[in-house]
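**Student:** Have a look; sequence and predicted model below, questions after that.
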Amino acid sequence: MRGLAAGNWKMNGTGDSLSEIEALLAQHPAPACDVLICPPATLLARMAAAVQGSGLKVGGQDCHAAASGAHTGDISAAMLVDAGAGHVILGHSERRADHRESDAVVAAKVTAAQAAGLMTIVCVGETEAERDAGRTLDIIASQIDGSLPEGTDAARLVIAYEPVWAIGTGRTPTNEQIVEVHEALRRQLQDRFGTAEIALLYGGSVKPSNAAEIFALPDVNGALVGGASLKASDFGAIIAALEAAA
Ligand SMILES: O=C(CO)COP(=O)(O)O
């Protein structure tokens, strides 16, 4: 399976930041893995234009479950497609926490996004308290169950395992902890969808110094990168590590 290096810019970036994309394109004009940047919605169309014809793709960070209507401040899946997105991140832990998104809300968004033709990157991950209580695998399994609706198209699905306590903290799980969760995810997805072709990304404090080690682990098909995706030099090094791991 082709690896995926996905950058989640979160609420960072203005027009000036497009220079980072130009630098990334100069470094990686034809990457040997899939490379995706999910900028804030305000930059999506400009970034899509900047990467046109290159190996880089752009995606959204969220969408609404409805196709249109009275939802002030929200963005529909079709609007993301219209702005040039091919992917969307759904169920990120920051949305689950900041916007109280339940598994059911995430599932409705997956249905809407896949119907609009988007690849959906669905995020799951335990909190530190849940890990300390020994509940990690149960939490992940129930997030997967609840966040992937009936009728999910496995061909449009990517899963990102992002332990909440590893996001933006500089802390990462041990290799054994990552492998344990990714193996469990692989089994659950294989049982439900009958395929082992769903990409599993690790996310949480991925940086140039730890990327190669993480990409060497079984059932890790790439990364969802926050802070280190903002700088072309850092994200470029992570892309190079994924290319080398293939
Ligand atoms: O939340 C993340 C990506 O979606 C990870 O963020 P950091 O890479 O900044 O820890």
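**Tutor:** Cool, the structure landed. Numbers count the residues shown, from 1 in each chain.
**Student:** Tell me who's in contact with Ala77.
**Tutor:** By Cβ atoms under 8 Å, 6 or more residues apart in numbering, the contact set of Ala77 is 63-64, 67, 88, 109, 112-113, 115-116, 118. Bear in mind the C-beta positions are built from the backbone N, C-alpha and C, glycine included.
**Student:** okay, among the residues you listed, which ones form the most distant pair?
**Tutor:** Using Cβ to Cβ, the two most remote members of the contacts of Ala77 are Ala67 and Val88, lying 14.2 Å apart.
**Student:** Chain neighbours aside, what residue packs nearest to whichever residue of the chain sits closest to the ligand?
**Tutor:** Nearest residue of the chain to the ligand, counting by Cβ to the nearest ligand atom: Gly226, 2.3 Å away. Excluding its sequence neighbours, the residue lying closest to Gly226 (Cβ to Cβ, 6 or more residues apart in numbering) is Asn8, at 5.3 Å.
**Student:** count of neighbours near the one you found?
**Tutor:** 26 (other Cβ atoms under 10 Å).
**Student:** ditto for Gly151
**Tutor:** Gly151, neighbours per other Cβ under 10 Å, totals 9.
**Student:** same thing with Val51?
**Tutor:** Val51, neighbours per other Cβ under 10 Å, totals 20.
**Student:** Also Thr174?
**Tutor:** Burial of Thr174 is recorded as 8 neighbouring residues (other Cβ under 10 Å).
**Student:** For Leu90, see how far away it is.
**Tutor:** Distance of Thr174 to Leu90, given as Cβ to Cβ, to the nearest Å: 27 Å.
**Student:** Equivalent analysis for Thr136, please.
**Tutor:** 21 Å.
**Student:** between these two, who's got more neighbours?
**Tutor:** Using other Cβ under 10 Å, the more surrounded residue of Thr136 and Leu90 is Leu90, with 29 against 20.
**Student:** Give the bridge partners for the more buried one, please.
**Tutor:** Following DSSP bridges, Leu90 is listed with bridge partners Val122.
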